[in-house]
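Visitor: Next come a sequence and a model predicted from it.
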Amino acid sequence: MGMVKVLLNGKEVEAFEGETILNLARRYGIEIPTLCYYEGFANGSCRICIVEVNGRLMPSCITKVSEGMRIETESTRVAEARKTLLKLLLKNHTHRSKEEQMRCRICGYAVKYGLEPAPIIPSVKVDDTHPAILFNPSACVMCRKCVIACGVDQNNDVIAVIGRGGSGTRVGFDLDIPMGMSSCVSCGACVDACPTGGALMEKDWVPADKVIETTCPYCGTGCQVEYGVRDGKVVWARGGAYGPANEGKLCVKGKFGYQYVNSPERLTKPLIRRPGVPKGPLNGRSIHEVFREATWEEALDLVASKIKEIISKYGPAAIGV
Amino acid sequence: MDYRTRLREASKEIIERRITSDDELRKIADKYNLPLSTVKTLSTFYFHDYSEVQVCMGLPCLLRGAREVVKELERRGIKYSITYCLGYCDRGGPVVRMSDKYYTFVNGEFREIEESRSDYVQSQYEPLDKYIARGGYKYFEKFLSEDNKLFILELLVKAGLLGGGALSRFKTLASSANKPKYLIVNGHEGEPGGFKDRLIMERNTHQLLEGALLLSLALNVDEVIIAVNERFRNAKAMIEKALSELRPYLTSKGLLNKLPPITALLVGSPYIVGEETALINSLEGNRGGEPRLRPPDPTEAGLFGKPTAVINVEVVAAVPILLSNYYEGKEITIEKYFCITGDVDRPGLYKEKLTVGLNELLAKAGGVKEEDVKAVFVGGGVSSGLVHSSKIRVRLTPEETRKLGVFLGPGVIIALSNNRCIVDVMLEVERFFSHESCGRCEPCRLGTKELVEVLEKVSMGKASEEDLKWAETVARTMMETSLCGLGMSAARCFSTRLPSLGMSLRST
């Protein structure tokens, strides 16, 4: 790949030919705000990431570098246009709670640029027909990340842009029906993509105290997953973008099926069958009538003694792993 | 069929049959094996304002009393929707479409527009023999034998129909080895106040086809597509009729195999589809005609990612005339079509040399005296320049009009007399832009909505200094950051029109 020289905020730097200005800036540790940016796709609809290139404002997420470019990421013109775009979004965007507002990227940028974050109006009409996802059109800013996530990235094609015009453009599901009645498979990619923190969100979302990175325990794919933890309990899950197996995506189980972690029925200790209780379905009996709790030492000793017994009785060929 | 083909065919069927009901859309999704959301997004993009009865709120119709139509329909209890430009802007009154018929509303009654009837359009059609008798295809074979055919593009530049930038891009396209290459004849004409391209397609059909073939040879393209606005069904029928006459003629001359095929396709009617990258998207079946990010220019990567020249109907139809002038040693000039509407007595289509004065042109249409004209929208109608009455003697040459910020191409002229309130006119223009925004980029989608709100306040005398400053900032940001020309035009209209008239929102 060829290299080109550009002026980035007055400093001459080397850029890869064909990379975007946003990419270049990030490599040099310069932060450019983004909303609709979706890694790997040319979206370019929100224009928040504009920068000044040779005296013209250009969206940095889709503009490729070229030799001799003079790029300013925070010039007065950039700041004014960005602020105006933010103001327009803030006028057309509300939240239902402070917590939602706190995780909204638009409101975060608003504070950064000295603007009031979007108002909190708890009693707006929402689509709560879906078992796991809540859709609040009042919070939506039409960045279209959910459309890309659902259609292009996950190939589910449930979410689409409906209508046209300054006031008539919005997102909808299938033939513009309630989300819960649509063909949604609940992969949650739209929720993870939504930059507003409230337009498409987990229905029972609460803020977490900490986030831990781990591997999804369900199937053998090895998806990387981040769990939000609050008071020692998992409260939400999202795909870890660094995972080579899933690149940030999850399926319905990984995204929404984490509650078993906190289930009282979850096995957390080894169980040993009580003496005299025959094998077979529980048939309504409590698990503790059939099994008793044991320590790992006791359980392993029991398994070892049983294996030895089988070998002495039938020979080593009777054991297989 | 692969996905792209299925998408294209589904989009074609949705447009052709104007499908909006969920039941029908479900059938289309089944038939082409596409997601429901895909067919819904196409249908709601193309027909977001569609209903059995549509009232045009384009500026020419508004000036002729479109609001009265709305009142009358409400009085009669008829449900309607508002749309922009149904064509027929010069038929004396505001235009209404009811089912498949078009009406104007004059003196309190709805009259069917004769020009919109297919039997009338048939009667105006010029058959191939008549076209040949007036000089059609006279120099076709001579041109075919020319080694360098690119001079034909220079003729268009000389006649003022093509700019220098387009010329160099077309030349690059002609020599590009990336095949197949396409010529798209843009017959969209969604501009309120414009009707010349439709009339050319309906009446000078063979001249248009010859022009398309001549250009296709010069540009060295492999296929010609005439993209017709789905509202112009008669025009498409005439093109197909002309093609069925033309094929045997070309075969008899042994030419058919030497020429690229021509097809006529319907594209969605929304204003934005007329933008060339949006037009290409519409032909490919992508969500409506949302514009594409540039670069690349369509001449590098257009239809199906291949080099594509998009040229307007009037320009294409001018080619045979200019070629005759060239071979006959005449001056390389042509009369341009002007569609005159607004405050004039005889709205209609006028053909004039590109040296005519705006005042002379208006005088032909009669009505307003020069001193009674407040301003005139010239060229691209509401998306182009507004010319103040003090400049009314301007010669309509490309150079002179460019100085006034006017793009002459679409040839739309809308006259405003002194008793029109410019703020109200601008409010209607912004409503048009907001209605027609594709909704993709934020500055246009939310900016047009914002400008409408501020202008509504101004119109009611309730706008504060702060409102006006905010609107000016919004307009500036729209101009600097919009994805395509629609958002930029909407903003330019707001921020440059009044100063160009020597007025300000603060004083009106």
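Guide: Alright, I've got the coordinates. Numbers count the residues shown, from 1 in each chain, chains lettered A, B, ... in the order given.
Visitor: can you tell me which residues contact residue 170?
Guide: You didn't pick a chain, so chain A it is. Each residue near A:Arg170 by C-beta atoms under 8 Å, 6 or more residues apart in numbering or on different chains is listed here: A:Pro137, A:Cys140, A:Met142, A:Val161, A:Ile162, A:Gly163. For glycine as for every other residue, the C-beta is placed from the backbone atoms N, C-alpha and C.
Visitor: Can you look at chain B instead?
Guide: B:Leu153, B:Leu219, B:Thr299, B:Ala309 are the contacts of B:Phe170 under C-beta under 8 Å, 6+ apart.
Visitor: and the last one, bridged to which residues?
Guide: With DSSP bridges applied, the residues forming beta bridges to B:Ala309 are B:Leu183.
Visitor: isn't B:Gly65 right next to B:Phe105, touching?
Guide: Yes: here B:Gly65 reaches B:Phe105: they are 6.9 Å apart, a contact under C-beta atoms under 8 Å.
Visitor: Stretch A:159-176: end-to-end distance?
Guide: Using C-alpha to C-alpha, to the nearest Å, the end-to-end distance of stretch A:159-176 comes to 9 Å.
Visitor: What of stretch B:375-384?
Guide: End-to-end for stretch B:375-384, by C-alpha to C-alpha: 13 Å.
Visitor: cool, stretch B:258-266 as well?
Guide: Termini of stretch B:258-266 sit 26 Å apart (C-alpha to C-alpha).
Visitor: same question for it, mean pLDDT?
Guide: In this model, stretch B:258-266 has a mean pLDDT of 96.
Visitor: where does that stretch sit relative to the chain's centre, distance-wise?
Guide: Mean-position distance between stretch B:258-266 and its chain equals 21 Å (C-alpha atoms, centre = their mean, to the nearest Å).
Visitor: okay, now the domains of chain A?
Guide: A:3-84, A:125-262, A:271-318 (automatic domain parsing).
Visitor: is the first one anywhere near chain B?
Guide: Yes: on the criterion C-beta under 8 Å from any C-beta of the partner chain, domain A:3-84 is in touch with chain B at A:42, A:44-48, A:50, A:56-57, A:59, A:62, A:77, A:80-81, A:84.
Visitor: Name the residue in B:Gly65 and B:Phe105 with the higher neighbour count.
Guide: The neighbour count for B:Gly65 versus B:Phe105, taken as other C-beta atoms under 10 Å in any protein chain shown, is higher for B:Phe105 (23 against 16).
Visitor: Tell me the secondary structure of the most centrally placed residue in chain B, please.
Guide: Nearest to the geometric centre of chain B sits B:Glu189, at 1.9 Å (C-alpha atoms, centre = their mean). Assigned with DSSP: H, G, I helix; E, B strand; the rest coil, B:Glu189 falls in the coil class.
Visitor: avg pLDDT for the helix or strand that contains B:Ile414?
Guide: Assigned by DSSP states H and E, B:Ile414 belongs to strand B:412-417. Mean per-residue pLDDT for strand B:412-417: 94.
Visitor: and the next element down the chain from it?
Guide: Reading on from strand B:412-417 to the C-terminus, the next helix or strand found by DSSP H and E is helix B:422-436.
Visitor: Which strands and helices lie in contact with that next one?
Guide: helix B:59-63, helix B:442-459, helix B:485-500 (3 or more C-beta pairs under 8 Å, 6 or more residues apart in numbering or on different chains; DSSP states H and E).
Visitor: if you set the cut-off to 10 Å instead, what comes out?
Guide: Counting contacts by 3 or more C-beta pairs under 10 Å, 6 or more residues apart in numbering or on different chains; DSSP states H and E, helix B:422-436 packs against helix B:59-63, strand B:81-83, strand B:373-379, strand B:385-388, strand B:412-417, helix B:442-459, helix B:465-481, helix B:485-500.
Visitor: Mind putting these into JSON lines with distance to A:Ile319 and mean neighbour count?
Guide: As requested, the helices and strands packed on helix B:422-436 are arranged in JSON lines below (distance: least, C-beta to C-beta, whole Å; neighbours: other C-beta atoms under 10 Å in any protein chain shown):
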{"stretch": "helix B:59-63", "distance to A:Ile319": "89", "mean neighbour count": "25"}
{"stretch": "strand B:81-83", "distance to A:Ile319": "78", "mean neighbour count": "18"}
{"stretch": "strand B:373-379", "distance to A:Ile319": "90", "mean neighbour count": "25"}
{"stretch": "strand B:385-388", "distance to A:Ile319": "91", "mean neighbour count": "24"}
{"stretch": "strand B:412-417", "distance to A:Ile319": "90", "mean neighbour count": "24"}
{"stretch": "helix B:442-459", "distance to A:Ile319": "67", "mean neighbour count": "24"}
{"stretch": "helix B:465-481", "distance to A:Ile319": "71", "mean neighbour count": "19"}
{"stretch": "helix B:485-500", "distance to A:Ile319": "74", "mean neighbour count": "21"}
